[in-house]
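>>> fold the following, please.
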Amino acid sequence: MRFESFSFAPEILRAISECGYQKMTPIQQQAIPAIRRGQDVLASAQTGTGKTAAFALPILQKMVDKPSETLRSNTKALILTPTRELAAQVAQNITDYSKYLDISTITLYGGVKMDSQALKLKRGVDIIVATPGRLLEHLTSCNLSLSNIDFLVLDEADRMLDMGFSQDIQKILQVANSKRQNLLFSATFSSAVKKLANDMLVKPNVISADKQNTTADTVSQAIYPVEQRRKRELLSELIGKKNWQQVLVFTATRNAADVLVKELNLDGIPSSVVHGEKAQGSRRRALREFKEGKVRVLVATEVAARGLDIPDLAYVVNYDLPFLAEDYVHRIGRTGRAGKSGVALSFVSREEERTLADIEKLIGQKLRRITIPGYEVGSRDGLIKQLQKRRSFAKKQQRDDNAGAQMIAERNMNGRRVKVKNASPAKIKKLK
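Okay, the predicted model is just below:
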């Protein structure tokens, strides 16, 4: 189905044509009609399925159909996202879709000064894309009122709840116009998401574009068994020998990301890093240089798993497996987007085998293993046998020690031999 089928305004059709959009994705086909009818929507959609256009395009069209004045310190549509990166990406998409319309869009997130944001808010803005924490700061400072909003969108709702934004969201819902249209998009329908939907939505149209926790068919997945200490060496070798030019690498911690970037640069592989401790300007610069090809590798923590939109990204590498199996789906969803092919590779140490099993169970498939000569990992059975031998030796040593202690503890007391079994070192010392 094509976008022309839904009678969008010529200005919108021209803009999305310039974005390269032609046929609608399943989530767009189902969500756009429901939103244009004014229904609340509860939608399950994986990353990379075109969900931003699914809610942004009908909102823009409804603004065109019923134009109204933008009031000072007010907005017409509010879109909440869990991270700065996702907020920036959603806002950029909306700006692209509305380039031929007289509709303004701004982003609100932490890491930048509030003053410039406050000035824009006080003039009034049509669409706000924000993270919950920074939005609450502006509400508390009376820089913004939500009493007149027509649309409230929660994007990546499950992620926001995972990050602890539940109370912030509830506070925002309490001060927002009660007659608004609500749209909730989530990769999963957890019990927390269902509760939030029950509190927020009125007779929602429930949409599930894809089976939950599935990975795109356009992504080729494989794992490399490797010892933890040799992961960096393997990554450098693969990038160098296979001449990978654009690689997004996920690590478990910020410190691991910083160390990896330093070592890759020492190996002659230009790399940058994105994580929560980096200033927003630094994060934007790293992403820009990666997109422009100035660096070959962008190393990121979980903060970037959702929200990064890198056109034609070829490779995603899980240097460390994620703590939650569900995050694997979001990580590898950075590649293979919009029908294009991509490769997702995971380095799996012996200690991560259980996490790998959880991931394979979640996505319903066994991942292909690739063993690189020289990087083989000792078998789990062999490791168990080694541990059993060590334990047997330790037990024998303990028996020998006890026997020796028993002999030392024997002494003549008043002409009698006293035998003290299993004597502790303190007791032996006392008897001497």
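>>> sketch out the low-pLDDT regions of the stretch 1-150 of the chain for me.
The model of the stretch 1-150 of the chain has pLDDT under 70 over residues 46-48.
>>> where exactly do the strands run in it?
41-44, 77-80, 105-108, 127-130 (DSSP state E, counting those that start in this stretch).
>>> figure out which of these is closest to S208.
strand 41-44 (4.4 Å; C-beta to C-beta). Backbone N, C-alpha and C define where each C-beta goes, glycine included.
>>> give me the sheet partners of that closest one and which way each runs.
strand 181-186 (parallel), strand 205-208 (parallel) (DSSP bridges).
>>> rank those by pLDDT, which is bottom?
Lowest mean pLDDT of those: strand 205-208, a mean of 89.
>>> same list, the strands paired with strand 41-44, but as TSV with distance to D150 and mean neighbour count please.
TSV is the format used below for the strands paired with strand 41-44 (distance: least, C-beta to C-beta, whole Å; neighbours: other C-beta atoms under 10 Å):
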stretch	distance to D150	mean neighbour count
strand 181-186	6	24
strand 205-208	17	16
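>>> adding distance to V329, write those out as TSV.
Output for those, formatted as TSV (distance: least, C-beta to C-beta, whole Å):
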stretch	distance to V329
strand 181-186	13
strand 205-208	15
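>>> ok, back up a step: can you redo the strands of the stretch 1-150 of the chain as TSV with mean neighbour count and distance to L356?
As requested, the strands of the stretch 1-150 of the chain are arranged in TSV below (neighbours: other C-beta atoms under 10 Å; distance: least, C-beta to C-beta, whole Å):
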stretch	mean neighbour count	distance to L356
strand 41-44	24	25
strand 77-80	25	33
strand 105-108	23	37
strand 127-130	27	36
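>>> turn those strands into JSON lines, including distance to T52.
Putting these into JSON lines (distance: least, C-beta to C-beta, whole Å) gives the following:
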{"stretch": "strand 41-44", "distance to T52": "12"}
{"stretch": "strand 77-80", "distance to T52": "9"}
{"stretch": "strand 105-108", "distance to T52": "12"}
{"stretch": "strand 127-130", "distance to T52": "10"}
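>>> so for A279, which of those sits nearest?
Nearest of those (C-beta to C-beta): strand 105-108, 16.0 Å.
>>> chain center to the closest one, what's the gap?
Centre-to-centre, strand 105-108 and its host chain are 21 Å apart (C-alpha atoms, centre = their mean, to the nearest Å).
>>> residues touching it, excluding its own?
87-88, 91, 94-95, 98, 117, 120-121, 125-131, 134-135, 138 (C-beta atoms under 8 Å, 6 or more residues apart in numbering).
>>> give me that answer again for 7 Å
87-88, 91, 94-95, 98, 117, 120, 125-130, 134-135, 138 (C-beta atoms under 7 Å, 6 or more residues apart in numbering).
>>> mind listing which of these are in helices?
87-88, 91, 94-95, 117, 120, 134-135, 138 (DSSP state H).
>>> secondary structure element holding the nearest residue to L161 once chain neighbours are set aside?
Once flanking residues are discounted, L161 sits nearest to A192: 4.7 Å by C-beta to C-beta, 6 or more residues apart in numbering. Assessed by DSSP states H and E, A192 sits inside helix 191-200.
>>> and that helix, C-alpha only, in PDB?
Presented in PDB, the C-alpha positions along helix 191-200 are these (Å, rounded to 0.1, in the frame of the first residue of the first chain):
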ATOM      1  CA  SER A 191       2.600  -6.100  32.700                       C
ATOM      2  CA  ALA A 192       3.900  -2.600  33.500                       C
ATOM      3  CA  VAL A 193       3.100  -1.400  30.000                       C
ATOM      4  CA  LYS A 194      -0.400  -2.900  30.200                       C
ATOM      5  CA  LYS A 195      -1.000  -1.100  33.500                       C
ATOM      6  CA  LEU A 196       0.200   2.200  32.000                       C
ATOM      7  CA  ALA A 197      -2.000   1.600  29.000                       C
ATOM      8  CA  ASN A 198      -5.000   1.000  31.200                       C
ATOM      9  CA  ASP A 199      -4.400   4.200  33.100                       C
ATOM     10  CA  MET A 200      -3.800   6.300  30.000                       C
END
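>>> residues touching that helix, excluding its own?
Residues contacting helix 191-200 (C-beta under 7 Å, 6+ apart): 42, 157-158, 161, 173, 182, 184, 186, 204.
>>> out of these, which is nearest to F250?
D158 (18.6 Å).
>>> correct me, but the closest one touches S190?
Yes: using C-beta atoms under 7 Å, D158 is in contact with S190, at 5.8 Å.
>>> which one of the two is surrounded by more residues?
Neighbours per residue, other C-beta atoms under 10 Å: of D158 and S190, the larger number sits with D158, 23 against 15.
>>> shouldn't that one be within a helix?
Yes: membership of D158 in a helix is supported by DSSP: H, G, I helix; E, B strand; the rest coil.
>>> and it, what does it touch?
186-188, 190, 193.
>>> with L313 instead?
246, 248, 334-335, 342.
>>> same list, those residues, but as TSV with pLDDT please.
Below are the contacts of L313 laid out as TSV (pLDDT from 0 to 100):
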residue	pLDDT
Q246	90
L248	94
R334	80
T335	83
G342	87
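>>> can you lay out those residues as a markdown table showing secondary structure?
Below are those laid out as a markdown table (three-state DSSP):
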| residue | secondary structure |
| --- | --- |
| Q246 | coil |
| L248 | strand |
| R334 | coil |
| T335 | coil |
| G342 | strand |
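>>> from the contacts of helix 191-200, pick the one nearest E353.
D158 (26.5 Å).
>>> so the closest one versus Y100, what's the distance?
Distance, D158 to Y100, using C-beta to C-beta, to the nearest Å: 34 Å.
>>> at which residues are the helices of the stretch 151-300 of the chain located?
Along the stretch 151-300 of the chain, the segments classed as helices by DSSP state H, counting those that start in this stretch run 157-162, 166-175, 191-200, 231-242, 254-266, 280-292.
>>> correct me, but L71 touches N148?
Yes: if you go by C-beta under 7 Å, L71 and N148 touch, sitting 6.2 Å apart.
>>> for these two, indicate the residue with more neighbours.
N148 (17 against 12).
>>> surely that one and A176 touch.
No: the pair N148 and A176 does not pass the contact test of C-beta under 7 Å, sitting 9.6 Å apart.
>>> so what's Q245 up against?
293, 296.
>>> report the contact partners of D320.
250-252, 256.
>>> most neighbours out of those, which is it?
F250 (26 neighbours).
>>> could you measure from it over to I149?
35 Å.
>>> now do S186
S186 is 20 Å from I149, by C-beta to C-beta.
>>> swap in E353?
Counting by C-beta to C-beta - E353 and I149 are separated by 48 Å.
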